[in-house]
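**Student:** okay, predicted coordinates and the sequence, questions at the end:
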Number of protein chains: 2
Amino acid sequence: MRVTEGGGVHRVVIVGAGFGGLFAAKFLRRAPVQATLVDRTNHHVFQPLLYHVATGILSSGEIAPATRDVLHRHANVEVQLGEVTGFDLDARQVMVTRPGGREVKLPYDSLIVAAGVGGSYFGHDEFEQWAPGMKTLSDALAQRGRIFGAFELAELEEDPEARKALLTFAVVGGGPTGVEIAGQIAELSRRALKGNFRNFDPKSVRVVLFDGGKEILANFGDKLSGKATSELEQTGVEIHTESIVTSVDADGVEVKGPDGEITRYAARTTIWAAGVQASPLAKLLAEASGAETDRAGRIKVLPDCSLPGHPEIFAVGDMMNLNDLPGVAEVAMQTGIHAARIIKKRVESGADSTPFKYRDLGSMAAVSRRRAIVSFHGLRVSGWLGWIMWMFVHLAFMTGFKNRFTAGLHWMMAFGGRGRPQRAIVGDEIGDA
Amino acid sequence: MRVTEGGGVHRVVIVGAGFGGLFAAKFLRRAPVQATLVDRTNHHVFQPLLYHVATGILSSGEIAPATRDVLHRHANVEVQLGEVTGFDLDARQVMVTRPGGREVKLPYDSLIVAAGVGGSYFGHDEFEQWAPGMKTLSDALAQRGRIFGAFELAELEEDPEARKALLTFAVVGGGPTGVEIAGQIAELSRRALKGNFRNFDPKSVRVVLFDGGKEILANFGDKLSGKATSELEQTGVEIHTESIVTSVDADGVEVKGPDGEITRYAARTTIWAAGVQASPLAKLLAEASGAETDRAGRIKVLPDCSLPGHPEIFAVGDMMNLNDLPGVAEVAMQTGIHAARIIKKRVESGADSTPFKYRDLGSMAAVSRRRAIVSFHGLRVSGWLGWIMWMFVHLAFMTGFKNRFTAGLHWMMAFGGRGRPQRAIVGDEIGDA
């Protein structure tokens, strides 16, 4: 079926195949609508595990199934590759540039925008060149090349200082992403790369984690944050809190510490995991609808996730701000489903919309090999029990039985043994910096 | 340990981490030598399965383990990233450009060059842009993007003729590589993509295979070639023998048939699997040593795989010509090991070199799902029994137990079910053509 203009079927356009968009599309399977999901890539990404792709544990397919394959039984959902460039709220059309440059307009009766966020450099966009983030599969594969490439270059380097800089990894941001990637780089160097090099001991690798706040993983509370800190330090990560990165270049970072003094760290690989900035589509939507945006550019939605004056338009997931809910997968899934449910009920029976209620399923972060912290309704778990919970929850939320199975297998190899099967570097990441 | 000039230890430099180079390095583990393996990438590639990466069955890590991890227990082997640009046979040095551009010279006492082959366009290098081949992991990932990207574009295309061209795949060359990729694209469209598209039936895909000879897989003999032809046709591949591709552009190929007439096939995706050309290093070596090269640029070696007048230099694998042995993995492995063995014996006891004897382990090609042909010392097997043999042999020769295990699993998914887990397109392959 094509989405046809003026047809009798209610047309839903969904922008973005992340958690918000995908779960909205899935929910609409049994709704009397014709849905079109538009995304820039052909795959859904399980973002919380991008760092496993970057550190060689998982393959791209395991965390990034083809969106149209996930939805292949959803006969009323069409998946289209394209980049959304704008909206005409009066004409109810989404402007899309397709691969090859052709511009089309997709008409909608209801619209769900779930375009997510990118990294924020707090006004220092020039840092990005030296300290890229990790929001897409491309990003993660590029980080894989940078991380394993740094080890390759270190093996060739004869100058001890230069080699030390190649074996120093700076991670900016002490939230879950920063903690998890720092922990995995440390694990990698201490276990998986054993015996791989002739000219240095991979154990000499230095992983330095910077956070501006008083503690890492502050959202988890003092106790878990303290646990995570000590476990991460045992793994070999050097943690600097109350430390603001003031400069990044090819050779390292400059950091303003708690005492106000600026220290330079020579590090040839810097990874940015601090701060997010909503997709530019949030601003476009806000301007067109009169909605407000917050400091991170996220659009302030009404309690039902719709836009002021536009009950037919919903913004969901990371790109929206509703009661300052955190930018996590759970919020994206639940708001995506919520918007889809309102549309379904409205089309079926003309029912009124209802406010979104967040069911907090807790939060978790894997700190190191077989160690994670979990916060769930006052319950606080850490250590290996936390890690078991982390593993089950991530397997449960992965898309596709087969991916769950092989990912479980690869985790056994990586965390039970020393396997990092996905280390092939493709592209030109090596020697760029 | 570093390879140091003038040191007492016999220094071996190995160029290339393909089957020839890797097996030579492995063999040297217990030899009283210090070896350095140089390659442009950080991984060994199991080339016979590149088409499984291109068609979404296997991940890159499964066929491309990190070379230094394969050799991590070989304490006397050092793996270095770098591009070999030349040789100084008098000074016994290899010229290497390292990532970042630094040029170094690696001294050797013995040299094994195993730089392989690239695709040959028989003087029509302009075809490559529209009909790339598949020799490296990068190539295979790019083909993955082209194949799955063509389906994405077809879903968006409204003009029936243009869509037909997007759903037509031309494969040039009826050897194992061409047959295997053609068979897998046909399988893919008939099974794995079922239910994935709304605007066309993936079964309408046309896969056209061209070969200049009288039959495909001619090396396997008439009987097996006939079997393969009928099985391939059942899978949905259209075979044109005695057909020479005379032109390739963005929109299709022109083919001169057995009757001398030229027919145009509208195909937006063309894959080149015809003919090989030895690495340019073969020519450099030949010029420096006075050896001859054949029409494919392969260096003609002495019976022990060494170069005339240079008993310390060996050329092995696809880039050498010895008794017109075929360019297959088995020849590369065996010649690599042969060269390493000569070096080991020479260093240990001053033993003379011995001529290379090829143990022909037969050849095989997977024609379609659960169908392969096998030729082994007069034994000719086809159908599902051939496929079982194909699977066992490929699992046996894969590098690393874990890769064998997960590849076996993914084959169960792909050939038992309809799983193509690796479909994520990364990079800019879509909409390029």
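**Tutor:** Looks like it arrived, so ask away.

**Student:** contacts, neighbours, all on C-alpha from now
**Tutor:** Noted.

**Student:** show me the residue at the heart of chain A, geometrically.
**Tutor:** Compute the mean C-alpha point of chain A, and by C-alpha atoms, centre = their mean the closest residue is residue A:47, 3.9 Å away.

**Student:** right, and that residue touches residue A:135 too?
**Tutor:** Yes - look at residue A:47 against residue A:135 with C-alpha atoms under 8 Å: they come within range, at 6.9 Å.

**Student:** kindly confirm my reading that residue A:29 is in a helix.
**Tutor:** Yes - per DSSP: H, G, I helix; E, B strand; the rest coil, residue A:29 lies within a helix segment.

**Student:** is it in contact with residue A:72, as I believe?
**Tutor:** No - the pair residue A:29 / residue A:72 is not scored as a contact, 10.6 Å apart, by C-alpha under 8 Å.

**Student:** where do the helices sit along the stretch 151-300 of chain A?
**Tutor:** Using DSSP state H, counting those that start in this stretch, the helices of the stretch 151-300 of chain A run over A:160-166, A:176-187, A:221-235, A:280-289.

**Student:** my bad, the stretch 301-433 of chain A
**Tutor:** With DSSP H, counting those that start in this stretch as the criterion, the stretch 301-433 of chain A has helices spanning A:329-349, A:383-397, A:401-411.

**Student:** buried deepest among those, which one?
**Tutor:** Comparing those by mean neighbour count (mean count of other C-alpha atoms under 10 Å in any protein chain shown), helix A:329-349 ranks first with a mean of 22.

**Student:** what is the mean pLDDT for that helix?
**Tutor:** What helix A:329-349 shows for mean pLDDT is 97.

**Student:** hey, C-alpha coordinates of it in PDB?
**Tutor:** Provided in PDB are the C-alpha atoms of helix A:329-349 (Å, rounded to 0.1, in the frame of the first residue of the first chain):
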ATOM      1  CA  ALA A 329      15.700   4.300  26.100                       C
ATOM      2  CA  GLU A 330      12.800   3.600  28.500                       C
ATOM      3  CA  VAL A 331      11.400   7.100  28.200                       C
ATOM      4  CA  ALA A 332      11.700   6.900  24.400                       C
ATOM      5  CA  MET A 333       9.900   3.600  24.100                       C
ATOM      6  CA  GLN A 334       7.100   4.500  26.500                       C
ATOM      7  CA  THR A 335       6.500   8.000  24.900                       C
ATOM      8  CA  GLY A 336       6.600   6.400  21.400                       C
ATOM      9  CA  ILE A 337       4.000   3.900  22.500                       C
ATOM     10  CA  HIS A 338       2.000   6.500  24.300                       C
ATOM     11  CA  ALA A 339       1.700   8.700  21.200                       C
ATOM     12  CA  ALA A 340       0.800   5.700  19.000                       C
ATOM     13  CA  ARG A 341      -1.900   4.600  21.500                       C
ATOM     14  CA  ILE A 342      -3.500   8.100  21.500                       C
ATOM     15  CA  ILE A 343      -3.600   8.000  17.700                       C
ATOM     16  CA  LYS A 344      -5.000   4.500  17.600                       C
ATOM     17  CA  LYS A 345      -7.800   5.400  20.100                       C
ATOM     18  CA  ARG A 346      -8.500   8.700  18.400                       C
ATOM     19  CA  VAL A 347      -9.000   7.000  15.000                       C
ATOM     20  CA  GLU A 348     -10.900   4.100  16.400                       C
ATOM     21  CA  SER A 349     -13.300   6.000  18.700                       C
END
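
**Student:** list the helices and strands that helix packs on?
**Tutor:** Applying 3 or more C-alpha pairs under 8 Å, 6 or more residues apart in numbering or on different chains; DSSP states H and E, one finds that helix A:329-349 contacts helix A:19-27, strand A:110-113.

**Student:** give me that answer again for 6 Å
**Tutor:** If you count contacts as 3 or more C-alpha pairs under 6 Å, 6 or more residues apart in numbering or on different chains; DSSP states H and E, helix A:329-349 packs onto helix A:19-27.

**Student:** from the chain's centroid, how far away is the helix it packs on?
**Tutor:** Relative to the mean C-alpha coordinate of its chain, helix A:19-27 is positioned 16 Å out (C-alpha atoms, centre = their mean, to the nearest Å).

**Student:** and the angle for it with helix A:329-349?
**Tutor:** Between helix A:19-27 and helix A:329-349, the angle comes out at 40 degrees (axes from the mean of the first three to the mean of the last three C-alpha atoms, to 10 degrees).

**Student:** which residues sit against helix A:19-27?
**Tutor:** Residues outside helix A:19-27 that contact it (C-alpha atoms under 6 Å, 6 or more residues apart in numbering or on different chains) are A:114, A:317, A:332, A:333, A:336, A:337, A:340.

**Student:** same deal with stretch A:188-208?
**Tutor:** Applying C-alpha under 6 Å, 6+ apart, the contact partners of stretch A:188-208 are A:155, A:167, A:168, A:169, A:170, A:237, A:238, A:418, B:68, B:69, B:72.

**Student:** also stretch A:94-103?
**Tutor:** Applying C-alpha under 6 Å, 6+ apart, the contact partners of stretch A:94-103 are A:82, A:83, A:84, A:85, A:86, A:87, A:104, A:105, A:106, B:431.

**Student:** and if you look at stretch A:310-321?
**Tutor:** Applying C-alpha under 6 Å, 6+ apart, the external contacts of stretch A:310-321 come out as A:20, A:110-114, A:116-117, A:278, A:298-300, A:305-307, A:327, A:332, A:335-336.

**Student:** how long is that stretch end to end?
**Tutor:** One end of stretch A:310-321 to the other measures 16 Å (C-alpha to C-alpha, to the nearest Å).

**Student:** try stretch A:81-99
**Tutor:** Terminal residues of stretch A:81-99 lie 7 Å apart, using C-alpha to C-alpha.
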